[in-house]
Each structure stands twice: as structure tokens, then as C-alpha cells.
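Student: have a look at this prediction, sequence included:
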Amino acid sequence: MRPGISIRQRLTVTHVGLTFVLLATLGWVSYLYFETNQEHILDDFLKNEAKTILVSCDDFWKSHSDISINLQNADFKIFLQNYWAARLNEPSPFKSTIYLFDRKGQVVGSSNQALHLDGHLAGLSKSREAFKTVVFQGPPYRVLDQNWTFKGRRLGSVSVACLLTDKNATAWGFGLTLFLLLAASVLVSSFLGAFLIEKAFKPVAEMARAASRISETNLKDRLPEPPGNDEVGFLSRTLNALLQRLEVDRSFQENLVQDLSHQLRTPLTVLRGRNENALNLLEDRSRVREVLEDNLMDIDQIVAFLNTMLHLAKLENGLETTQKVREDVLHLVKELGEELQPLWEEKNLHFVISKEGQDLPWENFPATWQVFDPFQTRQALMNILDNAYRYAPEGSVIRVDFSENCDDDIVFKLTIFNEGPPIPQDSMDKIFKRFYRVRGQPEAEGFGLGLAIARSLMESQHGHLRAFNPPQGGAAFELSWEYEKPEKT
């Protein structure tokens, strides 16, 4: 056997791979979302800073409407210094710097001149783009440049710059935390998936170990059936049903070989002895002729026996096809009665029919149309009638009774009565076994296969055959099967 990874290993690798891809994709999307969200938060912060300073400046000039607007006014300078000082004491999520420019781009005031961004931000004030990410000297900045208008007059502009270091540090911290969580999730999911796969395949492994102990000569063991109605349980039950059929087939083959060897040993031994005697009687041609005629009769019986065994084997292994048609059962019984008329005359037997215990002549008996297999039913009836002939005493009656029961399902029954000896209770079920003969009855001749074949013929068309002793004496065989209701026209 070529080495390779098992299904369990392939499923584990596939599970780990899919888990990694899915979680990595989820992590990357989450990081991008967080990064974009942080940019929006930063931009909103810059907008709020610019709006706050411009609203405060507008409020200042509204309160000093008695003086002309001059951004270099000493009072306005003092206002800006107080605004920057108050702003330092306010909590802020980002480190930012605010520059206020006049219309010429000259710095009017700034919250932090130590950064020396005057020239850089003054150039940005002429840009049409409100937001820009720029690098001056060192780390990058996010800058918002916005015009300052008061009463329809442009006074200048305001630029708010914020270091991206905090935002990037937050993003990298989030990314690292997300990476660690995803890595832990992949490990936990992998171990959990491997555990569940191992647990799911445990019944399969037990089934494999049990199957390895089953051989051609040992078909009695069965695979363990796990609880539940999942696919593994269904597979186990299906394989056990297959093993059951194989065991039956194996048993049938063994029994067939034993039966054939047992049944053929005696006639073949007799044939051999006759031939040896014939060699000693070559001078007496009449005696040799008698021996050869007896040999031919025995050979015919052996051939008939083999054909019967072959027919029984086909029935028990489902090789006989069933073809149900709607026919008159009475017509079939009448044909069999006429065909067996020489047998009735030989023992002066009377063959009568009845319906539910009431005897009726053939011409007054109503047609009984049923759905069944005519060929198999004919053979089954032939075997039972032959059995009745052999056991019925001379001058007695063989009765075939028809009956119909209309309960939930319509069941048609056909019962054959004979006035012979009753069937012993200990043989009631055994008479349908192959080669079984009732002890102590001289009529029990033949191969002992007729009733076994009759029951197999009935079961092949979903019918039943049973034997019982009627109260009035004798023996009876009842054939019954469910049939289809005729459609109303």
C-alpha cells in the first residue's frame, strides 16, 4: 500500500488552512476599517479645532464692533494668547498646532510656534485641497487649511496641523493586538477542529479495526454501530446488513454443498455397486438390461434432484423474477385439477372446491380475479397438491377453499385440505425446511424439497404459506398474499 496522508489529516490541514485564510482576511479588513475610521476621527477633530477658533474670533470681532477689524490689533493679540493658554488646559485626543494667517499669508498667531511650521503652512493656505498629509522635517502631519471669512469679507485662513504619530501608534497597537488575537484564534480553532475531526472519525477507526477481523470464513462478527442517525451510523448499519446477507449466502453455499454431498452419496454408491454387479453378469443380458434400466431411473432422479436444488437456490437468492398480473385464480386451480386427474383416479380421490367452507360446483363458482404471479403460484400449488395426494387415503376428499378478508388490507387466502394424517406439532415448522421428512410415515418419500420450494415461491411474490391441522382432522396448507384492489371504472 502506497504511503499517503489520511482523510483525517487532509481534513485537518484543510480546516487549518481555511481557518487561517478566513481569519487573516477578517483581520486585514478589520485593520483597514480601523485605519480608515481613525482617519475620519482625526479629520473630524481638525475640523472641530478650526471651527472653534474661527467661531471664537468671530465672537471677538462681534463684541468689538466699535473698532475696525485689524488682525494686528493689540486686544486681538491678547485674545489669541488667552485662547492658546486656555486650550492647553483642555483634554485633547491628538497633539495639534493651530496657525492663524492674514490674507497675505502672514502669521497672526499660533498655538505652538516651537514647531516652526509657519512657512510650510502658509504655502498650504493657497491650496484648493482642504486636507493634506505632508512631511516637513521628521514625522508626517495631517493638515487642514480653511479660509476665514467674516460678514462676507475674507480675513485670512486657519491651518490646523496634527502629528500622525499618535494615530499610527494607535493603528499599529490595534494591528498587533488583532494579530495576536487572530493567531490565538487560529491555534484554538486548529486544535479544536483536529479534536472534533478525530472524535468524528473515531467510530470509523473502530469500524475499520472490526472489519479487519472479518474474513471469508468468519462472517459472524459485526461492525460497531455508533448511536444517532448520522452518516457514519447509516454506513455502519448498511455494512452490517451487507455482512448479514454475505453470511446468509455463505451459509446457504455450505448447506447446499452438504446437502448435495449427503443426497448424492447414496444413489451414486448404489449406481457404482450395480455397475460392478453388471460386470459380473455380462453373460446374462436380461439381468444387465435390468441393471441399466435401474441406473437410468436413478440418473433421472439425480438430474431431477439437481434441477430442483438449482430452482430452490435461485428462489432463495432472489434470482427468480416475479411478474404479477391480474388473473382468475379459479381458472388456475381448475387447470391443475384437470392436469392431476390421473392421480385422483389412481387413489379414487375426490377434488372439490369451496368458498369460505361452502362447497360449490365448478360451473356455479364465481370468477375470482386477483393480482399474483401465475407461474410461481402454479408451481407452489402443484407441490402442495402433490403432497396432499401422497398423504391422502384412498377414496378421501381433497378440498381447495377460497376466502377473502376485507379489513384494513384485502388478503386473499387459498387453503388446501386433505384427510390424511395430521402434521405432528413438533414438525409443523420443520416441514418447510429442505430435506425434512416426517418420521414414521411411509408416504414421506421424495427429496423433501416440495414444501420448501412452495414457501420460497410464495415469499418471492410477497405471499405466505403456513400449515395447520384443522379441527375436523387431516392437514391443511394455507396460501395467502396481499393483492391490489381493482380500480373502479
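Tutor: All right, it came through fine.
Student: grab the nearest non-local neighbour of Tyr83.
Tutor: In space, and not counting its chain neighbours, Tyr83 is closest to Ser56: 6.0 Å by Cβ to Cβ, 6 or more residues apart in numbering. C-beta: built from backbone N, CA, C; applies to glycine.
Student: thought the one you found was touching Trp84?
Tutor: No. The criterion here is Cβ atoms under 8 Å, and Ser56 misses it with Trp84 at 11.0 Å.
Student: what's the domain layout of this structure?
Tutor: Split into domains by automatic domain parsing, the chain comes to 7-171, 231-316, 325-482.
Student: now the ones you listed as CSV including mean neighbour count?
Tutor: Listed next are the domains of the chain as CSV, based on neighbours: other Cβ atoms under 10 Å:
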stretch, mean neighbour count
domain 7-171, 15
domain 231-316, 13
domain 325-482, 16
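Student: so which of these gets nearest Asp221?
Tutor: Taking Cβ to Cβ, domain 231-316 is the member of these nearest to Asp221, at 7.9 Å.
Student: can you list contacts of stretch 380-399?
Tutor: The set of residues external to stretch 380-399 that reach it, using Cβ atoms under 8 Å, 6 or more residues apart in numbering, is 332-333, 336, 340, 343-344, 347-354, 359, 414, 416-421, 441, 443, 445-446, 450-451, 453-455, 457-458, 465, 475, 477, 479.
Student: which stretches in this structure count as strands?
Tutor: 96-102, 107-110, 131-135, 140-150, 153-163, 325-328, 350-355, 358-360, 369-372, 397-406, 410-418, 463-468, 475-482 (DSSP state E).
Student: now these as a markdown table including mean pLDDT and distance to Leu239?
Tutor: Shown next, in a markdown table, are these (pLDDT from 0 to 100; distance: least, Cβ to Cβ, whole Å):
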| stretch | mean pLDDT | distance to Leu239 |
| --- | --- | --- |
| strand 96-102 | 84 | 74 |
| strand 107-110 | 83 | 85 |
| strand 131-135 | 73 | 68 |
| strand 140-150 | 85 | 69 |
| strand 153-163 | 85 | 71 |
| strand 325-328 | 83 | 37 |
| strand 350-355 | 86 | 50 |
| strand 358-360 | 78 | 54 |
| strand 369-372 | 78 | 35 |
| strand 397-406 | 82 | 40 |
| strand 410-418 | 82 | 36 |
| strand 463-468 | 89 | 30 |
| strand 475-482 | 86 | 31 |
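Student: ok, which of those comes nearest Phe435?
Tutor: Phe435 lies closest, by Cβ to Cβ, to one member of those: strand 463-468, at 16.9 Å.
Student: and the closest one, C-alpha only, in CSV?
Tutor: Coordinates of the C-alpha atoms in strand 463-468 are reproduced here as CSV (Å, rounded to 0.1, in the frame of the first residue of the first chain):
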residue,chain,number,x,y,z
GLY,A,463,-47.1,-14.1,0.0
HIS,A,464,-47.2,-16.5,2.8
LEU,A,465,-47.5,-20.3,3.3
ARG,A,466,-48.4,-22.0,6.6
ALA,A,467,-49.5,-25.4,7.7
PHE,A,468,-52.1,-26.3,10.4
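Student: quick one: strands adjacent to that strand?
Tutor: Strands that pair with strand 463-468, judged by DSSP bridges, come out as strand 475-482 (antiparallel).
Student: render the CA-only coordinates of the strand it pairs with in PDB, please.
Tutor: The C-alpha trace of strand 475-482 is given here as PDB (Å, rounded to 0.1, in the frame of the first residue of the first chain):
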ATOM      1  CA  ALA A 475     -53.900 -31.500   7.400                       C
ATOM      2  CA  ALA A 476     -54.200 -28.100   5.700                       C
ATOM      3  CA  PHE A 477     -51.900 -25.700   3.900                       C
ATOM      4  CA  GLU A 478     -52.900 -22.000   3.600                       C
ATOM      5  CA  LEU A 479     -51.600 -19.800   0.900                       C
ATOM      6  CA  SER A 480     -52.200 -16.000   1.400                       C
ATOM      7  CA  TRP A 481     -51.000 -12.800  -0.100                       C
ATOM      8  CA  GLU A 482     -52.000  -9.200  -0.300                       C
END
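Student: how far off strand 410-418 does that strand point, in degrees?
Tutor: Relative orientation of strand 475-482 versus strand 410-418 (axes from the mean of the first three to the mean of the last three Cα atoms, to 10 degrees): 160 degrees.
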